[in-house]
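# Dropping the sequence and predicted coords here.
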Amino acid sequence: MSDIDKAKQILGREGATLAIVKEGQVLFMSDSSGIRGLLQAIEKIGKEMAGSSAADKVVGRAAALLLAYSKVKEVYASVISKGGLKVLKEDGIKVVFQNMVQIILDRTGKSVCPFEKFSSQIGLSDKTYEQLKEFAEDFWKK
């Protein structure tokens with residue numbers, strides 16, 4: 001079984017919202033919502049993510065920037081935004097998805113997700129993780 005298939009299987013069966021697999025080994029799993037799981041994965045396994053396969057329930061632009069920053073080789077998304085897909089494709093990451101949406105909405109479904117909005121102001125760089133982590137910490141404090 002390929003790494004991406006294993007990650008997808010975990011996402012489907014074990015209730016996880018994020019699964020990261022490399023060389024047949026599960027590096028990280030999360031049931032956190034939003035980009036919290038990706039931020040935790042980078043914090044915990046960092047450079048180990050390079051060359052891995054990631055399956056994520058929702059990949060907006062912020063999540064895509066974190067995945068590209070982490071140098072994953074392929075991504076499966078249940079739902080992906082057009083902005084998220086563009087980031088991953090521009091970085092040469094193989095992407096498979098179930099559904100594409102124009103933009104990720106917040107939990108109310110009435111306005112744009114704050115992380116989608118914030119990430120539209122930043123690009124992929126060596127500071128991407130720090131920028132998104134700082135924004136997330138400020139947002140979660142409110």
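Nice, thanks for sending it over.
# Identify the residues contacting stretch 35-47?
Stretch 35-47 has contacts (C-beta atoms under 8 Å, 6 or more residues apart in numbering) with 17-18, 20, 27-28, 30-32, 49, 56, 60, 62-63, 66-67, 69-70, 115, 129, 132-133, 136. Placement of C-beta: from N, CA and C, glycine included.
# ah, wrong one, I meant stretch 4-24
Here stretch 4-24 makes contact (C-beta under 8 Å, 6+ apart) with 1, 3, 26-33, 37-38, 41, 45, 48-49, 51-58, 72, 74, 76, 78, 96.
# which element is the spatially most central residue of the chain on?
By C-alpha atoms, centre = their mean, the chain has its centre lying nearest to Ala63, at 3.4 Å. Ala63 belongs to helix 61-69 when assigned by DSSP states H and E.
# how far off helix 61-69 does the longest helix seen in the chain point, in degrees?
Of all segments of type helix in the chain, defined using DSSP state H, the longest is helix 128-141. Using axes from the mean of the first three to the mean of the last three C-alpha atoms, to 10 degrees, one finds that helix 128-141 and helix 61-69 are set 150 degrees apart in direction.
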